[in-house]
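>>> A structural model of the following input is requested.
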Amino acid sequence: MAETESYQKPEDYSVGETASTINVKFLSSTAVGVTLYFLSGLTLTGTLLALIVVTPAVVLFSPILIPAGVFVFLVGAGFVLSAVGAIWASSMLFKYASKKKNWTQFLFDLGLCLVRKYLKMRFGWIGWLWPLWEWIK
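Purely as a prediction, here's the structure:
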């Protein structure tokens with residue numbers, strides 16, 4: 001029978017740590033901790049100084065900045081929503097034109113029926129729009 005090799009070998013483990021190893025670990029971790037603590041203090045100090053410097057400008061320009069920020073947000077949201085709507089509508093139209101069966105086809109057929117009924121009710125005829133719908137279909 002072949003001897004199976006163990007993944008845990010006794011020589012991989014140290015039985016005990018010496019005092020010098022413990023001291024080196026303690027000093028190195030202390031040095032790293034103090035350095036990171038000092039850098040976090042510098043970051044906090046820089047943030048507070050920047051806040052102190054910028055606060056008067058924000059208070060001074062707030063009647064301009066807040067409406068401008070709202071305007072930029074609304075314009076950006078409008079562009080994003082219009083792009084999403086255009087992508088959705090073009091994909092729906094492509095799926096409908098390629099005769100794939102899905103839930104968007106039902107919506108498109110419903111819209112087609114509603115437009116046809118409105119045009120018949122309003123004008124009594126469908127006019128030039130009906131051949132366009134038939135071509136898309």
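
>>> host element of I52?
For I52, the element it lies in under DSSP states H and E is helix 19-97.

>>> For the residue nearest to the spatial centre of the chain, give me the pLDDT.
What sits nearest the mean C-alpha location of the chain, by CA atoms, centre = their mean, is V80, with 12.5 Å. pLDDT, V80: 90.

>>> That one and D109: what is the separation?
Distance of V80 to D109, computed by CB to CB, to the nearest Å: 29 Å. Where C-beta positions appear, they are placed from N, C-alpha and C, glycine not excepted.

>>> V24 now?
77 Å.

>>> likewise E17?
77 Å.

>>> Give me the three-state assignment for E17.
At E17, secondary structure determined by DSSP: H, G, I helix; E, B strand; the rest coil is coil.

>>> By mean pLDDT, which helix or strand of the chain comes out lowest?
The helix or strand of the chain with the poorest confidence is helix 129-136; it has a mean of 64 (mean pLDDT, DSSP states H and E).

>>> where are the low-confidence patches of this protein?
Scanning the chain with the threshold set as pLDDT under 70 gives 1-16, 96-97, 99-105, 124-137.

>>> rerun that using 80 as the cut-off
Flagging of the chain using pLDDT under 80 yields the residue ranges 1-19, 89-110, 112-113, 115-137.

>>> What are the buried residues along stretch 75-83?
Within stretch 75-83, no residue qualifies as buried by neighbour count (16 or more other CB atoms under 10 Å).

>>> which residues sit against it?
Stretch 75-83 is contacted by no other residue when judged by CB atoms under 8 Å, 6 or more residues apart in numbering.

>>> Can you give the distance from stretch 51-61 to the centre of its chain?
From the chain centre to the centre of stretch 51-61 is a distance of 30 Å (CA atoms, centre = their mean, to the nearest Å).

>>> Could I get the CA-only coordinates of it as PDB?
C-alpha atoms of stretch 51-61 as PDB (Å, rounded to 0.1, in the frame of the first residue of the first chain):
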ATOM      1  CA  LEU A  51     -13.700  73.000   5.100                       C
ATOM      2  CA  ILE A  52     -12.700  76.200   7.000                       C
ATOM      3  CA  VAL A  53     -11.400  77.800   3.800                       C
ATOM      4  CA  VAL A  54     -14.300  76.800   1.500                       C
ATOM      5  CA  THR A  55     -17.200  77.500   3.900                       C
ATOM      6  CA  PRO A  56     -17.300  81.300   3.400                       C
ATOM      7  CA  ALA A  57     -17.300  80.800  -0.400                       C
ATOM      8  CA  VAL A  58     -20.200  78.300  -0.200                       C
ATOM      9  CA  VAL A  59     -22.200  80.600   2.100                       C
ATOM     10  CA  LEU A  60     -21.500  83.500  -0.200                       C
ATOM     11  CA  PHE A  61     -22.400  81.700  -3.400                       C
END
